[in-house]
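Student: Here is a sequence together with a model predicted from it:
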Amino acid sequence: MLEKSKTTESVFSEFQKIRFEKTTTITMSGRDFAKSLFNEDLTFCEQRNENAKITDYKTASQNIAKLWSKNLPK
C-alpha cells in the first residue's frame with residue numbers, strides 16, 4: 001500500500017476504507033450473534049440449537065480468521 005501511494009494522506013484514506021468495510025462486517029456479525037444468543041423465542045432457539053449441532057466449527061473459525069486478515073499484507 002505504501003509503495004503504491006503518492007502521499008501519506010492517500011494511503012491513509014485507502015487504509016481507512018478497507019478498515020471500515022472489515023470492521024463493519026465484523027461488528028454486524030457480532031450483533032447478529034448476540035441477537036441469536038439472547039432471543040427468547042422458543043422456535044428460534046430450537047432451530048439455532050439444531051444449527052449449532054451441525055456447524056463445522058473448524059471451517060467457521062478458519063473463515064473468521066480469513067475475515068480478520070483480509071487485505072493485510074502477506
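Tutor: In hand now; what should we look at?
Student: Relative to residue 20, how far out is residue 13?
Tutor: Per C-beta to C-beta, to the nearest Å, residue 13 is found 11 Å from residue 20. In short, each C-beta sits where N, CA and C put it, glycine included.
Student: What residues sit buried inside the top helix by length along the chain?
Tutor: Ordering each helix of the chain by length in residues (DSSP state H) puts helix 8-38 first. For helix 8-38, a neighbour-count test (16 or more other C-beta atoms under 10 Å) marks residue 22 as buried.
Student: Which strands and helices lie in contact with that helix?
Tutor: helix 57-69 (3 or more C-beta pairs under 8 Å, 6 or more residues apart in numbering; DSSP states H and E).
Student: before we move on, the earlier item: what's the first helix or strand after the longest helix of the chain?
Tutor: Moving toward the C-terminus from helix 8-38, the next helix or strand (DSSP states H and E) is helix 42-54.
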